[in-house]
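Trainee: Need coordinates for the below:
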Amino acid sequence: MADKTIVESVKKLLEESKKLERKFKQNIDIVVNLKNVDLNVPKNRIDEEIILPHGRGEEAKVAIFASGELALKSKSHVDLLITPEEIADLAEDKKKFKKMADVHDFFIAEAPLMPTIGKTLGTILGPRGKMPKPVPPNADVSGLVKNLRSTVKLRSKSNKTFHTIAGNDEMKPEDIGDNISAILTRLESKLERGRMNIGSIYVKTTMGPSQKIL
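Mentor: Numbers count the residues shown, from 1 in each chain. Take a look at the predicted model:
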């Protein structure tokens with residue numbers, strides 16, 4: 001269950017957002033400010049994937065690099081299938097692949113294709129934190145993709161302030177609160193001094209106000 005303070009902050013945020021009468025669905029983000037952490041040391045950086053208990057509000061988009069049987073099995077489950085033959089073409093047309101990389105939240109790949117992807121498309125996927133995860137042999141692709149649909153990335157790089165999605169403004173405040181609690185639990189587990197390394201946490205809408213929750 002989410003902390004009552006978090007749920008109340010989310011409720012306030014949603015009420016303020018409604019007053020602005022936005023005519024589109026807005027994400028609810030949490031903004032993290034760390035303290036007393038040297039993020040110039042790579043091992044101190046946050047780079048986590050968290051399955052949200054109530055989903056993201058809108059499912060993450062997933063792409064796969066695959067051939068043969070895996071391509072056939074996964075085609076109906078993913079948003080984009082990239083075959084080995086297409087990798088070379090995309091390496092030549094980097095502008096086209098950058099658009100694909102920006103639109104899709106997660107990439108997965110048939111394990112033997114990983115070296116080729118790293119050499120040809122790694123310069124685009126790497127900085128975005130979207131290098132593919134290898135799909136294990138005989139993996140349940142539908143289950144893997146289903147989990148990714150509800151997953152968010154919490155990634156600091158070398159910045160003490162960073163953010164991630166906790167839901168959208170059409171979700172119940174309690175569900176968003178549960179999602180935020182799941183994110184904070186993981187974050188604290190990765191910090192040397194846990195909550196003591198968190199300076200502040202805000203929750204905000206895409207275009208609207210923010211509410212401090214910590």
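Trainee: wouldn't I50 be in contact with L154 here?
Mentor: Yes. If you go by C-beta atoms under 8 Å, I50 and L154 touch, sitting 6.2 Å apart. C-beta coordinates here come from the backbone N, C-alpha and C atoms, glycine included.
Trainee: where do the contact lists of the two overlap?
Mentor: Contact criterion C-beta atoms under 8 Å, 6 or more residues apart in numbering; residues shared by I50 and L154: I183, R186.
Trainee: Spell out the residue ranges of the strands in this structure.
Mentor: Here the chain has its strands, by DSSP state E, at 27-34, 47-51, 62-65, 80-82, 106-110, 133-135, 151-155, 161-168, 198-205, 210-212.
Trainee: now the least confident helix or strand in the chain by mean pLDDT, how far from the chain's geometric center?
Mentor: Least confident element among the helices and strands of the chain, by mean pLDDT, DSSP states H and E: helix 4-19 (a mean of 88). Here helix 4-19 is found 22 Å from its chain centre; the criterion is C-alpha atoms, centre = their mean, to the nearest Å.
Trainee: cool, stretch 75-83 as well?
Mentor: Worked out by C-alpha atoms, centre = their mean, stretch 75-83 lies 19 Å from the chain centre.
Trainee: any idea of the mean pLDDT for that stretch?
Mentor: The average pLDDT for stretch 75-83 rounds to 97.
Trainee: Between the two ends of that stretch, how far is it?
Mentor: Using C-alpha to C-alpha, to the nearest Å, the span of stretch 75-83 from its first residue to its last is 11 Å.
Trainee: For it, buried residues please.
Mentor: Under the neighbour-count criterion of 16 or more other C-beta atoms under 10 Å, stretch 75-83 has H77, V78, D79, L81, I82 buried.
Trainee: can you check stretch 113-127 too?
Mentor: Of the residues in stretch 113-127, those buried by neighbour count under the rule 16+ other C-beta under 10 Å are L113, M114, T116, I117, T120, L121, I124, L125.
Trainee: same check, this time on stretch 38-56
Mentor: N44, R45, I46, E48, I50, I51, L52, H54, G55, R56.
Trainee: of all those, which comes closest to D175?
Mentor: Closest approach between these and D175, by C-beta to C-beta: H54, at 3.8 Å.
Trainee: Contacts only, for that closest one.
Mentor: So H54 contacts G167, M171, K172, D175, I176, D178, N179 (C-beta under 8 Å, 6+ apart).
Trainee: Give the ChimeraX command for selecting the buried subset of those.
Mentor: Restricted to buried positions by 16+ other C-beta under 10 Å, the ChimeraX selection for the contacts of H54 reads:
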select :167,171,175,176,178,179
